[in-house]
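Peer 1: got a structure for you, letters missing:
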């Protein structure tokens, strides 16, 4: 899916504002687009006064200060035409862009101005964006931190708990007992979504199932944990295993989730990079007849790789994808678990507006809302023939 120009330019602004001067070549590499495209974007952003351009360098209009602590909210300013909600999401994340659009609909209907910040793919990228938004007068915050590993998640707990304005986490559920446990959040019930996938395959007669999933986001980690728990508890499931869905799906440097179960994973080279998984070989090795694949892009690529390995979907292997962003667009439309992405954004925005309203009860108990995914049945999973067939 091609990224909208305005989102790409917002990502450029976010990187430059958070770091100061950045080379055009560095922006191109990080945003995975051509130098020519970035140069044109920088020229346009300079023309409208949002960036300064140097020789091969993009600079903020006002040099960003060194990040210190998150400033306290300015409580004396009532909501009005100048009030804004800061909305912070990771760059290059089509799943969360749908959540973003759901929140945008609610906020625009309420007359609330939106300050959108796209966090670049670097550790700690959200904090300077939040600090800048608060310094600009944002009265509330909707945020979905990237949290590629448990370590980066823990590092955000302290400052995010002290933001000082009403804040709602979207599609993120902090560790129980952490500093963010008592923070409003709206999230998909990914345990239930994983249950839908496994239950559907079991109902079709599949008894040996593989999960090929990412491991670089809170959603991915929840799906992996849920799959192990659900598959182990189902007496019909004779064998199950998990594997990385993509060489790029690893958490990155830093502490990993404690107590993570051992799994069938692709080999790692001496530099720590995962090699591409041979899912067809794994299916043959385990005698598996079905797979759950997370997320959609990885799922479509894995289905292509299965075909190259002589495994046809659904004739030889039934597949359920998880995310349902582009699952329906494959040459074989994929049955998929569909988290309520836009509804998550809408519910989070409604909760934030409730907190900002200042009416009786708006400072009531913290809310941890979960919305249930649904299963979209298409053509990638079929019944296993019985001996009577």
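Peer 2: Structure's in. What do you need? Since the model is a prediction, treat every value here as computed from it, not as a measurement.

Peer 1: and the pLDDT at residue 3?
Peer 2: Per-residue confidence (pLDDT) for residue 3: 61.

Peer 1: hey, where'd the strands end up in the stretch 101-250 of the chain?
Peer 2: 113-119, 140-143, 167-170, 185-188, 208-213, 239-244 (DSSP state E, counting those that start in this stretch).

Peer 1: mean pLDDT for the ones you listed: which is lowest?
Peer 2: Mean pLDDT values for the strands of the stretch 101-250 of the chain show the minimum at strand 113-119, a mean of 90.

Peer 1: any residues touching that strand, and which ones?
Peer 2: Contact with strand 113-119 is made by 7, 10-11, 13-14, 81-91, 100, 104, 107-108, 125-126, 129-130, 132-133, 136, 138, 145-146, as judged by CB atoms under 8 Å, 6 or more residues apart in numbering. In short, each C-beta sits where N, CA and C put it, glycine included.

Peer 1: adjacent strands (with direction) for that strand?
Peer 2: Strand 113-119 pairs in its sheet with strand 84-90 (parallel), by DSSP bridges.

Peer 1: same question for the partner strand, mean pLDDT?
Peer 2: So the average pLDDT for strand 84-90 ends up being 91.

Peer 1: so what touches it?
Peer 2: 96-97, 99-100, 103-104, 107, 112-119, 121, 126, 129-130, 133-134, 136-146, 170, 349, 352, 356.

Peer 1: ok, of those, which come out buried?
Peer 2: Among those, those buried by neighbour count (16 or more other CB atoms under 10 Å) are 96-97, 99-100, 103-104, 107, 112, 114-119, 121, 126, 129-130, 133-134, 138-146, 170, 349, 352, 356.

Peer 1: list the helices and strands the helix or strand bottoming out on mean pLDDT in the chain packs on?
Peer 2: Using mean pLDDT, DSSP states H and E, the weakest-scoring helix or strand in the chain turns out to be helix 5-19, at a mean of 76. Packing partners of helix 5-19 (3 or more CB pairs under 8 Å, 6 or more residues apart in numbering; DSSP states H and E): helix 24-31, helix 35-47, strand 51-54, strand 57-60, strand 113-119, helix 126-135.

Peer 1: can you give me phi and psi for the closest residue to residue 322 other than its chain neighbours?
Peer 2: Of all residues not flanking residue 322 in the chain, residue 294 sits nearest, at 4.0 Å (CB to CB, 6 or more residues apart in numbering). Backbone torsions of residue 294, given as degrees, to the nearest 10, read phi -130, psi 130.

Peer 1: my read: residue 294 touches residue 319, true?
Peer 2: No. Taking CB atoms under 8 Å as the definition, residue 294 is not a contact partner of residue 319, at 11.3 Å.

Peer 1: so, low pLDDT: which residues of the stretch 51-200 of the chain?
Peer 2: Residues of the stretch 51-200 of the chain that meet the criterion pLDDT under 70 lie in 62-83.

Peer 1: 80 instead, please
Peer 2: When residues are selected by pLDDT under 80, those of the stretch 51-200 of the chain lie in 55, 61-83, 91-95, 121-123.

Peer 1: how about stretch 191-202: buried residues?
Peer 2: 191-198, 200-202.
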